[in-house]
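In: Would you be able to build a 3D model of this:
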Amino acid sequence: FLKEGREVKKNLVDLARLECVVKIGVEGVRLREGSYINKCLMTLGTVIKKLRDGIESQG
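Out: Next comes the predicted model:
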């Protein structure tokens, strides 16, 4: 894990650009793919946050 005093920043990017999808009318498979990408990114962010919170509570 991280050494004491080291800070790590994370930036998750909306690769699916779901807000634009509505404007241009994407449907079907592409819409589902975009939803899956966003769900995976949200889950990854949650896992990283929980790991960080666990490390901080031990320190």
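In: Check what pLDDT residue 44 gets.
Out: On the pLDDT scale, residue 44 is placed at 90.
In: Residue 33 - how many residues pack around it?
Out: If you count neighbours by other C-beta atoms under 10 Å, residue 33 ends up with 12. Where you see a C-beta, it was placed from the backbone N, CA and C, and this is true even at glycine.
In: helices or strands next to the helix or strand hosting it in the packing?
Out: Taking DSSP states H and E as the criterion, residue 33 maps to helix 28-58. When contacts are defined as 3 or more C-beta pairs under 8 Å, 6 or more residues apart in numbering; DSSP states H and E, helix 28-58 packs onto helix 18-24.
In: Check which helices and strands the helix or strand bottoming out on mean pLDDT in the chain sits against.
Out: Lowest mean confidence among the helices and strands of the chain (mean pLDDT, DSSP states H and E): helix 18-24, at a mean of 72. Applying 3+ C-beta pairs under 8 Å, 6+ apart, we find helix 18-24 packed against helix 28-58.
In: got the buried residues for the helix it packs on?
Out: Under the neighbour-count criterion of 16 or more other C-beta atoms under 10 Å, helix 28-58 has 34, 38 buried.
In: residue ranges with poor pLDDT in the protein?
Out: For the chain, the stretches with pLDDT under 70 are 1-8, 10, 12-19, 59.
In: at 90 what do you get?
Out: 1-42, 45, 48-49, 51-59 (pLDDT under 90).
In: Now residue 30: closest residue in space that isn't a chain neighbour?
Out: residue 21 (7.7 Å; C-beta to C-beta, 6 or more residues apart in numbering).
In: I'd guessed the one you found sits against residue 31; true?
Out: Yes. Between residue 21 and residue 31 there is a contact under C-beta atoms under 8 Å: 6.2 Å.
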